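**Student:** need a 3D model of the sequence below.
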Amino acid sequence: MCYAAVAMSTDYDSWRVTDEPVSVPEVLAVMRKNAENFRLVMRTVLKHFTHSDCDCMKAIHTSVLGGH
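**Tutor:** Numbering: from 1, shown residues only. Model prediction:
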């Protein structure tokens, strides 16, 4: 099945022992930016997605839910 994993970090203080810990507002700000970046990635990728003949695109037709 075609898929891609997208991972986006929110902070790096878990391994930096010399830096001040991040605050919840800082993490939330990064999460908002990550969401914006993810939407941009999806818009860009989906414009170029043309593999409609790929077998994984037809998988729903033989699935338990799709076969009923």
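**Student:** from here on, contacts and neighbour counts on C-alpha atoms
**Tutor:** Will do.
**Student:** so how far is the helix or strand where residue 36 lies off the chain centroid?
**Tutor:** Residue 36 belongs to helix 24-47 when assigned by DSSP states H and E. Computed by CA atoms, centre = their mean, to the nearest Å, the chain-centroid distance of helix 24-47 equals 9 Å.
**Student:** pLDDT (mean, whole number) over that helix?
**Tutor:** In this model, helix 24-47 has an average pLDDT of 89.
**Student:** only alpha carbons, please: show it as PDB.
**Tutor:** The C-alpha trace of helix 24-47 is given here as PDB (Å, rounded to 0.1, in the frame of the first residue of the first chain):
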ATOM      1  CA  VAL A  24       3.600  24.800  26.700                       C
ATOM      2  CA  PRO A  25       3.000  28.000  24.600                       C
ATOM      3  CA  GLU A  26       6.300  27.400  22.800                       C
ATOM      4  CA  VAL A  27       5.400  23.800  22.000                       C
ATOM      5  CA  LEU A  28       1.900  24.900  20.800                       C
ATOM      6  CA  ALA A  29       3.400  27.500  18.500                       C
ATOM      7  CA  VAL A  30       5.600  24.900  16.900                       C
ATOM      8  CA  MET A  31       2.700  22.500  16.600                       C
ATOM      9  CA  ARG A  32       0.700  25.200  14.800                       C
ATOM     10  CA  LYS A  33       3.600  25.800  12.400                       C
ATOM     11  CA  ASN A  34       4.000  22.100  11.900                       C
ATOM     12  CA  ALA A  35       0.300  21.900  10.900                       C
ATOM     13  CA  GLU A  36       0.800  24.700   8.400                       C
ATOM     14  CA  ASN A  37       3.900  22.900   7.000                       C
ATOM     15  CA  PHE A  38       1.900  19.600   6.800                       C
ATOM     16  CA  ARG A  39      -0.900  21.300   4.900                       C
ATOM     17  CA  LEU A  40       1.700  22.700   2.400                       C
ATOM     18  CA  VAL A  41       3.300  19.300   2.100                       C
ATOM     19  CA  MET A  42      -0.100  17.700   1.400                       C
ATOM     20  CA  ARG A  43      -1.100  20.300  -1.200                       C
ATOM     21  CA  THR A  44       2.200  19.900  -3.000                       C
ATOM     22  CA  VAL A  45       2.300  16.100  -2.900                       C
ATOM     23  CA  LEU A  46      -1.400  15.600  -3.900                       C
ATOM     24  CA  LYS A  47      -0.900  17.800  -7.000                       C
END
